[in-house]
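Student: need a structure here:
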Amino acid sequence: MAKVAREVVEKAGVDVDKLLELLVKNAAAELTTYYYYTILRANLIGLEGEGIKEIAETARIEDRNHFEALVPRIYELGGRLPQDMKEFHDISACPPATLPQDPRDIKAIPTVLVEAERCAVRGYTQVCNLTAGKDHRTYDLALAILNEEIEHESWFSEFLGEGPSGHFMRRGETSPFVSKFMC
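Tutor: Model prediction:
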């Protein structure tokens, strides 16, 4: 643990235990979303499914990257991840993005995807609000993740016909905002 990191964040007025709770819950949401998106992506079949499969894959990989970027900050602040994977799953900040009752209902899958992204947007907004002007490193990380989660939401929202978002699918590069936090 980086003792000074926790010390300066506490001195800046951040409740580090609350922050760590949020970070661990968001890390759990990222890892479980990566898992559930794997299942959802595998079920995006046929003409309708192929149109969204690449976007779901990009969001899936970026959610894994978000998990990888969060873990070092959790430990820097003196936190840790639960030793039990089931416990980790169950403390997730977001509900599981599970396959719809009818896995052949391709139109139901984007609804699951967009709701997962909306939950993530809320979670990282909360972390940004807690750390703004006080914990620059965590704020920068949460803001980077928030930017990518907003893009994910917009992609799936467009598939649901909720209107244009102005965001476009990335080509080649994944995690353009979070990549600077990746080892």
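Student: these two touch, right, residue 73 and residue 24?
Tutor: No: judged on C-beta atoms under 8 Å, residue 73 makes no contact with residue 24 at a distance of 10.5 Å. C-betas here are computed from N, CA, C, even on glycine.
Student: ok, longest helix in the chain?
Tutor: helix 46-76 (DSSP state H).
Student: helices or strands up against it?
Tutor: helix 16-42, helix 109-131, helix 136-159 (3 or more C-beta pairs under 8 Å, 6 or more residues apart in numbering; DSSP states H and E).
Student: columns distance to residue 88, mean pLDDT and mean neighbour count on top of the ones you listed, output as a markdown table?
Tutor: Formatted as a markdown table, the helices and strands packed on helix 46-76 follow (distance: least, C-beta to C-beta, whole Å; pLDDT from 0 to 100; neighbours: other C-beta atoms under 10 Å):
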| stretch | distance to residue 88 | mean pLDDT | mean neighbour count |
| --- | --- | --- | --- |
| helix 16-42 | 5 | 97 | 20 |
| helix 109-131 | 15 | 97 | 20 |
| helix 136-159 | 18 | 95 | 21 |
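Student: would you reformat the ones you listed as a markdown table and include distance to residue 175?
Tutor: Shown next, in a markdown table, are these (distance: least, C-beta to C-beta, whole Å):
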| stretch | distance to residue 175 |
| --- | --- |
| helix 16-42 | 12 |
| helix 109-131 | 14 |
| helix 136-159 | 6 |
